[in-house]
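Chemist: Sequence first, predicted model second:
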Amino acid sequence: MKRNLLLIAMTLAAILCNAQEVTVFILSPPEKELEGVEKISIMEFKGEKGRLLTDYMTSFLMQDERGIHNLSGGFFSKGTEGKTYLKGARTNVFSLVERTEIDKVLQEQNLSNSGLIDDTQAAEIGKILGIDAIITGSVSYTHKDEDTKKEGTDSNGKYWVNYCKKRIVTAEARMKIISTSTGEILGTTDSKVSKSESACNDERSGMSSPSQIADKCVNDIAYYLSNYFCPYFKAMKYDFPKIKEKEYKDQGKEAKKFLQDYDLKHAYSIFKGIYDVDPYNTSTLVSLAYLNDIYGNYDEALEYAEILYQLDPKDYQPAYNWVQKEVEMRDQLANLGVIIEKQALVQDENALADKVKTKGSRADRYDVKSEPNKGAETISKVPGDLEFVIIEENGDWFLIELIGGKQGYIHSDDVRR
């Protein structure tokens, strides 16, 4: 059994070592785009949890990075901080009217903010407040308890019995978005969420109440309803293909390391360097499309996707279609006032150059000579664990490029490739 577990662990470790996945958060457009809508208000939803749902939605709609969260690391690794590389992306695109303003109008109109007003009245209230659209809806929840009894004997023959309870709560809501200028229903949607909690014997008395569990369901519902008409961040996993060509083996390893460290701009430099000398290399084309997409350079991503499609329409049709949707998404988000900024990805001219790294740590120092012999003048002392571009090799010496455009020779005993 232990041997099998070890083999499983080794297999998983191998998979992780070979992985070239990058997970980042991209901005996703809402299912329903509210054209021309800038200012909205949320009426209190009908139902016991109506005010809570309204509060949750208000909180979500005010967040500028709604959806970004820490990512679990899985086997043998810790969780990582969720991040986006997009500039200008945000999720708080609407101006929200404060509840006190809504309550004031309701009192003036002798109405109760309890969901008992109809759509026409809601639209009229919106007009008074200068609102473009008003949101109404209802929410409810149900629950059931499932009791079970488990009994048996332990290894000593002693009888035992467990009385367990599973509490299941289901909440559901329906939302309607109404134009205040026309009274037209701009969109409707519904959401249903179930959560459960289990406990046995004495622990059953400490279980959360149905109402408490319902609160958690309502929180999830509010998140979904907000995303229905407002952009949100979602995690996207990019599977970077391995560079298989032998002549780019070292560069591929370096790019993989940069990807694993989320040093994406250095990875880009390597992929772009390979592409410049091998423009038909599909692995680098995919990687360049991915990286431009991650940084919000959708037009450039589409250019690389088009080349892939021309090379192999069958395999790359889905990728080409997907990037086209990304371009459409950018334009759709622009209509909501979210302008994703284009970012310059600059190629390092030495990305494909041979390099050496000094041994030791940054506290160490190694001599750099003016000539390829130990008796020559020392023109610099460079730190350990630092990478240098090789200009040429001369026996046991490497001519390297120093800061400021200077050059010098370092002995092979002081470096590793």
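Modeler: Received, thanks. Numbering: from 1, shown residues only.
Chemist: Can you give me the neighbour number for residue 264?
Modeler: Applying other Cβ atoms under 10 Å, we find 19 other residues in the vicinity of residue 264. No exception for glycine: its C-beta is placed from N, CA and C like everyone else's.
Chemist: same thing with residue 142?
Modeler: 12.
Chemist: got the contact list for it?
Modeler: For residue 142, the contact set (Cβ atoms under 8 Å, 6 or more residues apart in numbering) comprises 169, 170.
Chemist: what comes up buried for the strand or helix carrying it?
Modeler: Using DSSP states H and E, residue 142 sits in strand 133-153. Neighbour counts over strand 133-153 (16 or more other Cβ atoms under 10 Å) mark 133, 134, 135, 136, 137, 138, 139, 140, 141, 143 as buried.
Chemist: who does the helix or strand following it touch, helix- and strand-wise?
Modeler: Using DSSP H and E, the helix or strand that follows strand 133-153 towards the C-terminus is strand 159-179. For strand 159-179, the packing partners by 3 or more Cβ pairs under 8 Å, 6 or more residues apart in numbering; DSSP states H and E come out as helix 119-128, strand 133-153, strand 185-200, helix 210-229.
Chemist: strands paired with strand 159-179, and their directions?
Modeler: strand 133-153 (antiparallel), strand 185-200 (antiparallel) (DSSP bridges).
Chemist: The last one - what's its average pLDDT?
Modeler: The predicted model assigns strand 185-200 a mean pLDDT of 96.
Chemist: Could you shift the numbering so residue one becomes 10, and keep it that way?
Modeler: Yes, from this point I'll number from 10; that puts the last item at strand 194-209.
Chemist: For this protein, which segments count as helices?
Modeler: Remark: helices assigned in the chain by DSSP state H are 11-27, 59-71, 108-117, 128-137, 219-238, 258-269, 273-286, 291-303, 307-320, 322-344.
Chemist: mind giving me JSON lines with the buried residues of strand 142-162 and columns for pLDDT and distance to residue 268?
Modeler: As requested, the buried residues of strand 142-162 are exported to JSON lines (pLDDT from 0 to 100; distance: Cβ to Cβ, whole Å):
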{"residue": "142", "pLDDT": "93", "distance to residue 268": "43"}
{"residue": "143", "pLDDT": "90", "distance to residue 268": "47"}
{"residue": "144", "pLDDT": "93", "distance to residue 268": "42"}
{"residue": "145", "pLDDT": "91", "distance to residue 268": "47"}
{"residue": "146", "pLDDT": "94", "distance to residue 268": "44"}
{"residue": "147", "pLDDT": "95", "distance to residue 268": "47"}
{"residue": "148", "pLDDT": "97", "distance to residue 268": "44"}
{"residue": "149", "pLDDT": "98", "distance to residue 268": "47"}
{"residue": "150", "pLDDT": "98", "distance to residue 268": "45"}
{"residue": "152", "pLDDT": "97", "distance to residue 268": "47"}
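Chemist: what's the farthest-apart pair in those?
Modeler: 142 and 152 (33.4 Å; Cβ to Cβ).
Chemist: end to end, how far does stretch 35-46 reach?
Modeler: 23 Å (Cα to Cα, to the nearest Å).
Chemist: For it, list every residue counted as buried.
Modeler: Applying 16+ other Cβ under 10 Å to stretch 35-46 flags 35, 36, 37, 38, 39, 42, 43, 46 as buried.
Chemist: In strands only, show me the residues you listed.
Modeler: Counting by DSSP state E, the part of these found in strands is 35, 36, 37.
Chemist: tell me the contacts of the last one?
Modeler: Think residue 37. Contacts of residue 37 by Cβ under 8 Å, 6+ apart are 76, 236, 240, 241, 242, 243, 338.
Chemist: ok, now with 6 Å
Modeler: By Cβ atoms under 6 Å, 6 or more residues apart in numbering, the residues touching residue 37 are 241, 243.
Chemist: mind checking pLDDT for it?
Modeler: Per the predicted model, pLDDT is 91 at residue 37.
Chemist: and it, bridged to which residues?
Modeler: Bridge pairing for residue 37 - DSSP bridges - gives residue 241.
Chemist: correct me, but residue 36 touches residue 97?
Modeler: No - between residue 36 and residue 97 there is no contact under Cβ atoms under 6 Å: 9.3 Å.
Chemist: how many other residues sit next to the spatially closest residue to residue 198 that is not a sequence neighbour?
Modeler: Nearest in space to residue 198, with sequence neighbours left out and distances taken as Cβ to Cβ, 6 or more residues apart in numbering, is residue 237 at 4.9 Å. By other Cβ under 10 Å, the residues close to residue 237 number 17.
Chemist: Could you measure from the closest residue to residue 273 other than its chain neighbours over to residue 249?
Modeler: In space, and not counting its chain neighbours, residue 273 is closest to residue 300: 6.0 Å by Cβ to Cβ, 6+ apart. Distance of residue 300 to residue 249, given as Cβ to Cβ, to the nearest Å: 9 Å.
Chemist: Of those two, give the one with the bigger neighbour count.
Modeler: residue 300 (25 against 20).
Chemist: per-residue confidence for that one?
Modeler: So, for residue 300, pLDDT stands at 96.
Chemist: and what of the one 4 residues further on?
Modeler: Each residue has a pLDDT score; the one for residue 304 is 96.
Chemist: So the residue of the chain positioned farthest from its centre versus residue 376, what's the distance?
Modeler: Using Cα atoms, centre = their mean, the residue of the chain lying farthest from its centre is residue 384. It sits 55.7 Å away. With the distance defined as Cβ to Cβ, residue 384 ends up 11 Å from residue 376.
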